[in-house]
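Undergrad: Have a look at this prediction, sequence included:
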Amino acid sequence: YNKWLGDRAKPSHREQLRVMIDQALEQKPADFDGLLKLLTEMGCEVSRRGQAIRLKAPGWKNVARMDEKLGQGYSEDEIRAVLAGEKQHTPRRKDAVSTPTPKVNLMVDIREKLQAGKGAGYARWAKVFNLKQMAQTMNYLTEHGLLEYAVLEEKAAAATTRHNELSAQIKAAETRMAEIATLRTHIINYVKTREVYAAYRKAGYSKKFLA
């Protein structure tokens, strides 16, 4: 976990599942079935094959078994023990916060937000939507190397400057196009009236020509 958090690698499927399990446990489900129901409401696909519980987070194709490979404290037996009051669960995110890092990592803040949408006032669709949006945001930031605030701010400032430059160029081009359109109208009018004016001048500007 600490490896991908510090290295800008894409968070693993199991890490995202642990995030979802942490969030579900914070809502204090009455039993294991209640926890699975919360995971389903978050957009996680839950299935059973034989005696094994299989989970699949949004955006992933393969399933992961809810066993010791999911991480210490996240197997089915361990989660059942936590729900039964026989064991205390320690979310992985607390370990990440206590780990000293030389730079502020945006992934930590996003992960905190993933844990936040659990109030009773939140509608079910909002929880699922927020989770999917956060997962997409994490993937985008890791893929583009934008996990540090300083880097993100620098990129945002550069994009803003470029946007302003392009806007100014577009405005100048639109002004020039308007000038060209006006000039074109005058040219067309001149072509249409040139022969008439030539005849009028040839007639010595006679008032009879205008009658």
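TA: Happy to help now that I have it.

Undergrad: So what touches stretch 74-92?
TA: 1, 15, 17-19, 21-22, 25-26, 29-32, 35, 52-53, 66-68, 71-73, 115 (CB atoms under 8 Å, 6 or more residues apart in numbering). No exception for glycine: its C-beta is placed from N, CA and C like everyone else's.

Undergrad: ends of it, how far apart?
TA: 10 Å (CA to CA, to the nearest Å).

Undergrad: Using ChimeraX, define a selection of the buried residues within the contacts of stretch 74-92.
TA: Of these, the buried ones can be selected in ChimeraX as follows, counting by 16 or more other CB atoms under 10 Å:
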select :1,15,17,18,19,21,22,25,29,35,53,66,67,71,73
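
Undergrad: just checking, which of the contacts of stretch 74-92 belong to helices?
TA: 15, 17-19, 21-22, 25-26, 32, 35, 115 (DSSP state H).

Undergrad: Next, format those residues as a markdown table and append distance to residue 188 and pLDDT.
TA: Listed next are the ones in helices among the contacts of stretch 74-92 as a markdown table, based on distance: CB to CB, whole Å; pLDDT from 0 to 100:
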| residue | distance to residue 188 | pLDDT |
| --- | --- | --- |
| 15 | 67 | 90 |
| 17 | 69 | 92 |
| 18 | 71 | 91 |
| 19 | 67 | 90 |
| 21 | 73 | 93 |
| 22 | 72 | 91 |
| 25 | 75 | 91 |
| 26 | 72 | 89 |
| 32 | 80 | 92 |
| 35 | 76 | 92 |
| 115 | 67 | 56 |
